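Participant: Sequence and predicted structure are below.
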Amino acid sequence: MASITIKLPDGTPLELEEGATGADAAAAIGPRLAKDALAVRVNGEVRDLARPLDDGESVEILTPGRPDSLEVLRHDAAHVLATAVLDLWPGTKVSIGPPIADGFYYDFEFPDGFRPSEDDLGQIEERMAAHVEADEPFERSESGVAEAIERFRREDQPYKVELIEDLIRDEGTETVSLYRNGPFVDLCRGPHGPSTGRIKAFKLNSVAGAYWRGDENRQMLTRIYGTAFFSKKELEEHLERLEQARARDHRRLGPQLGLFTLLPDAPGMPFWLPEGTVLLDLVAREVRKQLVAGGYEEIKTPQVLDEELWHRSGHWDNYAENMFFTDVEDRRFALKPMNCPGACLVFGSERHSYRDLPLRLAEFGLVSRNEREGVLHGLLRVRAFTQDDAHVYCTLDQIGDEVDAICSAIDQLYARFGFDEVRVELSTRPDKSIGTDEQWERAEEALREALERQGREYEVSPGEGTFYGPKIDFHITDALGRSWQCGTCQIDFQMPERFDLTYQGEDNAEHRPVMIHRALLGSMERFVGILIEHYAGRFPTWLAPVQAAILPVADRHNDYAAGVADRLAATGVRCRVDDRSESVGKKIHDAEISKAPYMLVVGDREESDGAVSVRSHGEGDLGAEPVDEFAARVDREVSW
RNA sequence: GCCGGAGUAGCUCAGCUGGUAGAGCAUUCGCCUUGUAAGCGAAAGGCCCCGGGUUCGAUCCCCGGCUCCGGCUCCA
């Protein structure tokens, strides 16, 4: 009998009979593995257990907990979802159902214009549970494309037909794979687990509209989102995480902590409350430290500029639909959606020498963009926000040093806010672009060299640059592991051209400067939104709008409390006295909820000792200490 | 913009497919003068999102609008 030899992940060879499958391999290794096995990775590609292995292949048995096994399980769950939906609403047209980051979805077109709501998820889950209970095997088969099209035509599944037709056209596909589980047969690349019984824990989360192929001109389908895990425990932990994320939601915490509020009177434009304004200012101060260190000068340019300017800058052609316009007497103006044209006007308003370069103009510029209403989201997607923007005018040769400086400013600034994990992405020339090949090459090279010089890891996104130049984007990862794009650094040859910006060179001739657009945090308001969620509203002492809540035990201690507040304020501690006629317990309760880092209880004992009793948010009672000592404690914690 | 859901006191929400409304917190006013996570009592607070329609009668049902929430290329 012929045999084959495969290689296991630890390098050991395993001899199997010819035609042996992944399942056979698992069984040959051990019964426990055979039972746990879900799929198999062959030379890096995940496959069904039932497919035969070939001689010499590297084989890894995928079990729960291994990378990619969860994707297989969730893909299985998506099929079971479709099975359940077809049970309940025969005639439903199915489209696609992939696994995604936190679960899976499946997009359907329900018959007769019916659209299920979230109330219907329960009965779908029940049907799914029945199929899981029945432990139906996933069976793979192959079919010629003509036959497959015929099949899905017969079943009145036009989306599947379209998918196959596209595969034929785009990839020259001749055979497609089909997967059966119970009564349901789906066009599917796979892979799948052995049977539906493996889906031990699943839940349907929500229903939403989604366009067929993401194209808003095409049919709107109904998407059902769900998630699945190998165990009930993992599912519960996942739901717990979602709950935590909800509790951290800046849209909930913002108004609750008195930071900002969102009102229907100005959709997408937050109102900043006193403590939120303090927070914004503290963030701006950190940015300004970087401006000073980096040799930037700060400017302010107008909010509203003549429409003509936007024609000149190219925004009117490329950005008009996102701009707000306003008529004043006979002139048409636009609210600025970006700060760069203003900065260019400043640069162009006087003659410059090569000795001035690099000229670094920073602006905390409030920009207004008419975002489509449906995409507005708290502070994260708004219609008006402040960019910590800057434009550096320099020579081609100076780009490298400037980029280096910008990168290190970003590192320092992010570290200050507790974001140590920074992901860097280099985006190169898109198909549609302006400028010469040489300019692009030099700019991309300058960015690449700067990143290499710093020994940074970075991803390249080919063709994702702006139309005027390549860029580097900086992404941070928050406490819940979510990624946010914040900083950006873009090389621009075009704007100086359009605004005819020049400097006088050493050779006495006029030269064109290069312009670098750069933002460290991006949107100040959005960054504060990210901070709120990152810290769950429990800001570190240096960033807390109120660092110490002073809590008099009884009304007779209010004067002493006010005195303490004055002394602390004089040393720079931000504090607030709670002089209501409430019990200490109540005041502590409220202060804890406001998440102030320190509470200072003052009563008879403290008054006679010139002290405060310190309670820390989180740590509890720390005992009494003199007022100056507490001020020193805060100072120690805040200084850097 | 599109699909689904929601809109009731300042906030969080109850309110039987029809008879013009309730709780907790917050607010104000009393009382209490408090020692490390909610003291007691009272009052005040409502165009039940807006506009139409159905009805003897609409917070509730129907239509339109506004605002908010979840989504809308992670592609067999």
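Facilitator: In hand now; what should we look at? Numbering: from 1, shown residues only, chains lettered A, B, ... in the order given.

Participant: Give me every residue in the stretch 301-450 of chain A lying close to RNA strand B.
Facilitator: A:R372, A:E373, A:G374, A:V375, A:L376, A:H377, A:G378 (C-beta under 7 Å from any atom of the strand). All C-beta spots, glycine's among them, are computed from the backbone N, C-alpha and C.

Participant: could those residues go into TSV alongside neighbour count, pLDDT and secondary structure?
Facilitator: Shown next, in TSV, are those (neighbours: other C-beta atoms under 10 Å; pLDDT from 0 to 100; DSSP: H, G, I helix; E, B strand; the rest coil):
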residue	neighbour count	pLDDT	secondary structure
A:R372	11	77	coil
A:E373	9	72	helix
A:G374	7	72	helix
A:V375	8	78	helix
A:L376	15	80	coil
A:H377	14	84	strand
A:G378	20	85	coil
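
Participant: Wondering if the strand or helix carrying A:L81 reaches RNA strand B at all.
Facilitator: Assigned by DSSP states H and E, A:L81 belongs to helix A:69-88. No - taking C-beta under 7 Å from any atom of the strand as the criterion, helix A:69-88 and RNA strand B are apart, separated by no less than 8.6 Å.

Participant: who's in contact with the helix or strand that that helix is followed by?
Facilitator: Using DSSP H and E, the helix or strand that follows helix A:69-88 towards the C-terminus is strand A:93-94. Identification of contacts with strand A:93-94 by C-beta atoms under 8 Å, 6 or more residues apart in numbering yields A:82, A:85-86, A:106-109, A:111, A:156-160, A:186.

Participant: Against RNA strand B - does strand A:93-94 have any residue that ends up touching it?
Facilitator: No - using C-beta under 7 Å from any atom of the strand, we find that strand A:93-94 stays clear of RNA strand B, coming within 8.3 Å at best.

Participant: quick one: the residue of the stretch 301-450 of chain A found nearest RNA strand B from A:E216, how far?
Facilitator: Nearest residue of the stretch 301-450 of chain A to RNA strand B: A:G374, at 2.0 Å (C-beta to the nearest atom of the strand). Distance of A:G374 to A:E216, given as C-beta to C-beta, to the nearest Å: 11 Å.

Participant: Kindly report the same for A:G258.
Facilitator: 39 Å.

Participant: now A:L86
Facilitator: Look at A:L86 and A:E216: by C-beta to C-beta, they are 27 Å apart.

Participant: what do you get for A:G529?
Facilitator: Taking C-beta to C-beta, one finds A:G529 at 27 Å from A:E216.

Participant: ok, residues contacting the helix or strand hosting A:E60?
Facilitator: Element membership of A:E60, judged by DSSP H and E, is strand A:59-62. Contact with strand A:59-62 is made by A:6-9, A:14, A:22, A:25-26, A:29, A:33, A:37-42, A:46, A:53, A:66, A:68-69, A:72, as judged by C-beta under 8 Å, 6+ apart.

Participant: How about the residues of the stretch 151-300 of chain A by RNA strand B?
Facilitator: Near RNA strand B, when you scan the stretch 151-300 of chain A using C-beta under 7 Å from any atom of the strand, you find A:163-164, A:167, A:173, A:176-177, A:186-189, A:206-211, A:213-216, A:220, A:222-223, A:251, A:255, A:262, A:264, A:267-268.

Participant: in the stretch 151-300 of chain A, which spans are helices?
Facilitator: Taking DSSP state H, counting those that start in this stretch, the helices of the stretch 151-300 of chain A run over residues A:158-171, A:232-248, A:250-256, A:274-293.
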